[in-house]
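[1] could you look at this predicted model? Sequence included:
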Amino acid sequence: MFAWIRAWFADRRKPDDTGSAGERHAAAWLEREKRFHIVARNWRAPHDHRLEIDLVGRDGETLVFVEVKARAAGALVPGYFAAVTKRKKKALLRATRAYVAQLRARPHTIRFDVVEVVRDADGRPGEVLHFENVPLFSKAYLRGH
C-alpha cells in the first residue's frame, strides 16, 4: 500500500481530540467540584454501537446521564442547545434505555445533565458550564421498559 494512503487512513482513525479532551475535562470537573462518581465513559450499547452516552455518573443515589459538548469561547451557539436536537434526543433515549436494561437493579432516580466545556484561545478545555436536570424527555420516558 502507498505510504500516503496509510498515512491518510491513520489520520482518519484518530479520535476527535477536542471532544475527548472535553469529556476528560468534564469528568474530572464533575468528580472534583460536584463529587460525582463517574461509572462509565463513552458507554456504547452492546447491540448497537452507534448508541453512546458520553458520561454516566452517580450523584448520591441518582444515576446521571451526561451529554458533553465542547465549544470555542465566543461561539455564537452554546453547546447546550446543540446537544438537544431532536435526533440527539432520540439517540439518547435509546441509549439510556439500553443502559438501564443491562443493570441488575433499576435506579430509583435518573437525571440528564449537559456539560459545556468552553475551549480557550489555544483550544484547551477551560470553563465548565453544568446544566443539571435538563428536561430532554417527559417524566415517563422509561415506561414500557
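    Received it, and whenever you're ready, just let me know what you need.
[2] contacts, neighbours, all on C-alpha from now
    Noted.
[3] where does the prediction get shaky in this protein?
    Counting by pLDDT under 70, the chain shows low-confidence ranges at 1-18, 76-83, 137-145.
[4] can you pull out the strands in it?
    37-45, 48-59, 62-72, 110-119, 125-131 (DSSP state E).
[5] switch those over to JSON lines; also include distance to Arg24 and mean neighbour count.
    Below are the strands of the chain laid out as JSON lines (distance: least, Cα to Cα, whole Å; neighbours: other Cα atoms under 10 Å):
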{"stretch": "strand 37-45", "distance to Arg24": "9", "mean neighbour count": "16"}
{"stretch": "strand 48-59", "distance to Arg24": "10", "mean neighbour count": "18"}
{"stretch": "strand 62-72", "distance to Arg24": "10", "mean neighbour count": "23"}
{"stretch": "strand 110-119", "distance to Arg24": "10", "mean neighbour count": "22"}
{"stretch": "strand 125-131", "distance to Arg24": "9", "mean neighbour count": "18"}
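[6] and of these, who's closest to Ala95?
    strand 48-59 (5.1 Å; Cα to Cα).
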